[in-house]
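A.B. asks: Below are the sequence and a predicted model; questions follow.
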Number of protein chains: 2
Amino acid sequence: MKPELILVIEDDAAILFGLRDNLQRAGYEVRSAGDGHQGLELARTVRPDLVLLDLMLPGLSGHEVCRRIRVDGLEMPVVMLTALGEEAQVVRGLNLGADDYVTKPFGIGELMARIAALLRRHRRVTPDVVTIGSLEVDRGARRVSREGVEIELTPKEYGLLEFFTRKSGRALTREQILDAVWGDSAAVTDRSVDRAVTTLRSKIEENPNRPTLIQTVPQVGYRFES
Amino acid sequence: MKPELILVIEDDAAILFGLRDNLQRAGYEVRSAGDGHQGLELARTVRPDLVLLDLMLPGLSGHEVCRRIRVDGLEMPVVMLTALGEEAQVVRGLNLGADDYVTKPFGIGELMARIAALLRRHRRVTPDVVTIGSLEVDRGARRVSREGVEIELTPKEYGLLEFFTRKSGRALTREQILDAVWGDSAAVTDRSVDRAVTTLRSKIEENPNRPTLIQTVPQVGYRFES
DNA sequence: CTCCGTTGTTACCACCTGATGACGCTCAAA
DNA sequence: TTTGAGCGTCATCAGGTGGTAACAACGGAG
């Protein structure tokens, strides 16, 4: 099993050092950022398994980083680090989609246990390799195969498929798909979603004319079988 | 939307009363138990959406209750309530599968926010599905089925049915239905509602000639059974 | 019993939506 | 510079969808 990747967004170098040290000793891989913008960028690109997020940050605030992470559809657990006596802040953070918070100064044992609990719960919900019918999607290795033979997908095709696996069983609007797979930066028509779905179907469906994995939901978008 | 059900397992009557009061005011439905055995029994039978669990309990300890809940494969979030200065206990609790803990005395606002956050996260994974008699409407997947067999609906039919499920039990005028399902943009006669209801009935009613799910309310419109 | 307003049902067809082949732009590798 | 893969857009086409109309059925009022 690949070690789990934790992103620490924290501007206090001493605390960051302590966290990094403890996390690595516990077997996690660690990336870190010193301000909000850089942290958000890393969260988007390296897709950590969990984010440790200081509330007071230069650049974007911790709240804003958390909110944008959720807006982007990223689902990893987020743990807020706050100073004492900020209950109001905490409430706000939790409402923005944070999963937990820990008050500084914190017991390192407690923090590690919380992290382990969140990762365990999250893993239960999103396993690394997903099997739908005879199709196998290995999110860890970024590989797709059917009956052992690998299916080559382009980056966009894979991104679309991975998004589908994370939202399997739910009807997804083209807009949701665009936001998640293309990102809000790209100015793209939702016809492009259709196009991408067609090519993806041609590669992963047994019979692309009668798709079973990716269903069209008329007037809405698509649904991936669960 | 049905209110979410929270099970509180707590032996201190004063704290229990306060929790119950706050939870109900926040719109949750509350069940409670005063000892571990009874609490576990309730968790198994009523399947609450979340469990608030005191650590010190007569009968089974909070830890034991939590462990058995997980052993049983129940996946609802569990929040532990602990007294101050029990970090070791907390670590143990989190490792047993608790999702969070709160230290007494706690700020009620913080507790409520944590509860809301956990429910939100958990709900993201379990789509909301409504059951009327033997009919099952999965709003997340945009699917309808009866006894496991899927019923294919056109977009308009589904939109109409979903609207009905959201307003079930109330008589709805054709105008209300038009506004909600067709949108004010479309200039459509209210005979179209009749027609849509007819086709919908033909698909979802056991006996379309004697409708039970969608009742006609003469001179007004229709009512969906609740 | 008859008339009339309301609702159910069926047939028809204009329009829209989604699938897909073709094309061209961009970017990176050779 | 060339080449080719990736990908977004466009045009076209087939099939489904749903609105309208026309008629049937129903039920209440007089």
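C.D. replies: Arrived safely.
A.B. asks: What strand or helix carries the residue nearest to A:D128 when sequence neighbours are not counted?
C.D. replies: Nearest residue to A:D128 in three dimensions, chain neighbours excluded: A:G140, at 4.3 Å (CB to CB, 6 or more residues apart in numbering or on different chains). All C-beta spots, glycine's among them, are computed from the backbone N, C-alpha and C. Per DSSP states H and E, A:G140 falls between elements, in no helix or strand.
A.B. asks: what pLDDT does A:G140 get?
C.D. replies: A:G140 carries a pLDDT value of 75.
A.B. asks: burial of it, as a residue count?
C.D. replies: Counted by other CB atoms under 10 Å in any protein chain shown, the residues lying close to A:G140 total 10.
A.B. asks: Quick check: the gap between it and DNA strand D.
C.D. replies: 20 Å (CB to the nearest atom of the strand, to the nearest Å).
A.B. asks: I'd say that residue and A:V129 touch.
C.D. replies: Yes - in this structure A:G140 lies within contact range of A:V129 using CB atoms under 8 Å: 6.8 Å.
A.B. asks: hey, where'd the strands end up in chain A?
C.D. replies: Secondary structure of chain A by DSSP state E: the strands cover A:5-9, A:29-33, A:50-54, A:78-82, A:100-103, A:129-132, A:135-138, A:143-146, A:149-151, A:171-173, A:214-217, A:221-224.
A.B. asks: What strands flank the third one, and is each parallel or antiparallel?
C.D. replies: Looking back up the chat, that one is strand A:50-54. strand A:5-9 (parallel), strand A:78-82 (parallel) (DSSP bridges).
A.B. asks: Low-confidence regions, chain A specifically.
C.D. replies: Flagging of chain A using pLDDT under 70 yields the residue ranges A:1-2, A:71-73, A:84-97, A:104, A:124-126, A:184-186.
A.B. asks: Enumerate the residues of chain A near DNA strand D.
C.D. replies: A:154-157, A:182, A:186-189, A:191-192, A:195-196, A:218-219 (CB under 7 Å from any atom of the strand).
A.B. asks: PyMOL command to pick out the buried ones of those residues?
C.D. replies: Buried residues within the residues of chain A next to DNA strand D, by 16 or more other CB atoms under 10 Å in any protein chain shown, are selected in PyMOL with:
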select buried, chain A and resi 157+182+192+196
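A.B. asks: helices or strands up against the longest helix seen in chain A?
C.D. replies: Criterion DSSP state H: the longest helix present in chain A is helix A:108-125. Here helix A:108-125 touches helix A:13-25, strand A:50-54, strand A:78-82, strand A:100-103, helix B:87-95, going by 3 or more CB pairs under 8 Å, 6 or more residues apart in numbering or on different chains; DSSP states H and E.
A.B. asks: so how far is the third one from its chain's centroid?
C.D. replies: Same thing as strand A:78-82. Relative to the chain's own centre, strand A:78-82 is displaced by 17 Å; criterion: CA atoms, centre = their mean, to the nearest Å.
A.B. asks: Just the CA atoms of it, as PDB, please.
C.D. replies: Taking Å, rounded to 0.1, in the frame of the first residue of the first chain, the C-alpha atoms of strand A:78-82 are listed here in PDB:
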ATOM      1  CA  VAL A  78      -9.900  18.700   6.100                       C
ATOM      2  CA  VAL A  79      -8.700  19.300   9.600                       C
ATOM      3  CA  MET A  80      -8.500  22.800  10.800                       C
ATOM      4  CA  LEU A  81      -5.900  24.000  13.300                       C
ATOM      5  CA  THR A  82      -7.000  26.900  15.400                       C
END
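A.B. asks: in it, what's buried?
C.D. replies: A:V78, A:V79, A:M80, A:L81, A:T82.
A.B. asks: what two of those residues are the furthest from one another?
C.D. replies: The two members of the buried residues of strand A:78-82 with the most space between them (CB to CB) are A:V78 and A:T82, at 12.6 Å.
A.B. asks: need the contact list for the spatially most central residue of chain A.
C.D. replies: Nearest to the mean C-alpha position of chain A, by CA atoms, centre = their mean, lies A:L74 at 3.5 Å. Contact analysis of A:L74 by CB atoms under 8 Å, 6 or more residues apart in numbering or on different chains lists A:A43, A:R44, A:R47.
A.B. asks: ditto for A:L200
C.D. replies: A:L200 makes contact with A:L153, A:E157, A:L160, A:L161, A:I214, according to CB under 8 Å, 6+ apart.
A.B. asks: mind listing what the fourth one touches?
C.D. replies: Looking back up the chat, that one is A:L161. So A:L161 contacts A:V137, A:V144, A:L153, A:L200, A:I204 (CB under 8 Å, 6+ apart).
A.B. asks: Tabulate those (CSV), appending distance to A:I115.
C.D. replies: Output for the contacts of A:L161, formatted as CSV (distance: CB to CB, whole Å):
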residue, distance to A:I115
A:V137, 26
A:V144, 30
A:L153, 32
A:L200, 35
A:I204, 35
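A.B. asks: Max pairwise distance over the residues you listed: which two?
C.D. replies: Greatest spacing in the contacts of A:L161, by CB to CB: A:V137 and A:L200 (11.7 Å).
A.B. asks: where does chain A come near DNA strand C, residue by residue?
C.D. replies: By CB under 7 Å from any atom of the strand, the part of chain A that sits against DNA strand C consists of A:191, A:194-195, A:197-198, A:201-202, A:208-209, A:216, A:218-220.
A.B. asks: picking up where we left off before, just name the most buried of the helices and strands packed on helix A:108-125.
C.D. replies: Of all the helices and strands packed on helix A:108-125, strand A:50-54 has the most neighbours on average by mean count of other CB atoms under 10 Å in any protein chain shown, namely a mean of 26.
A.B. asks: Give me the contacts around it.
C.D. replies: Residues outside strand A:50-54 that contact it (CB under 8 Å, 6+ apart): A:4-12, A:15, A:19, A:39, A:43, A:62, A:65-66, A:69, A:76-81, A:98, A:115, A:118-119, A:122.
A.B. asks: B:E225 is nearest to which of the strands paired with strand A:50-54?
C.D. replies: With distances scored as CB to CB, the stretch of the strands paired with strand A:50-54 nearest to B:E225 is strand A:78-82 (42.0 Å).
A.B. asks: Name the surrounding residues that touch that closest one.
C.D. replies: Strand A:78-82 is contacted from outside by A:10, A:15, A:50-55, A:62, A:66, A:69, A:89-90, A:93, A:97-104, A:106, A:111, A:114-115, A:118, using CB under 8 Å, 6+ apart.
A.B. asks: Could you break chain A into its assigned domains?
C.D. replies: What automatic domain parsing lists as the domains of chain A is A:5-125, A:129-224.
A.B. asks: which of these is buried the deepest?
C.D. replies: Using mean count of other CB under 10 Å, the stretch among the domains of chain A with the largest mean neighbour count is domain A:5-125, at a mean of 18.
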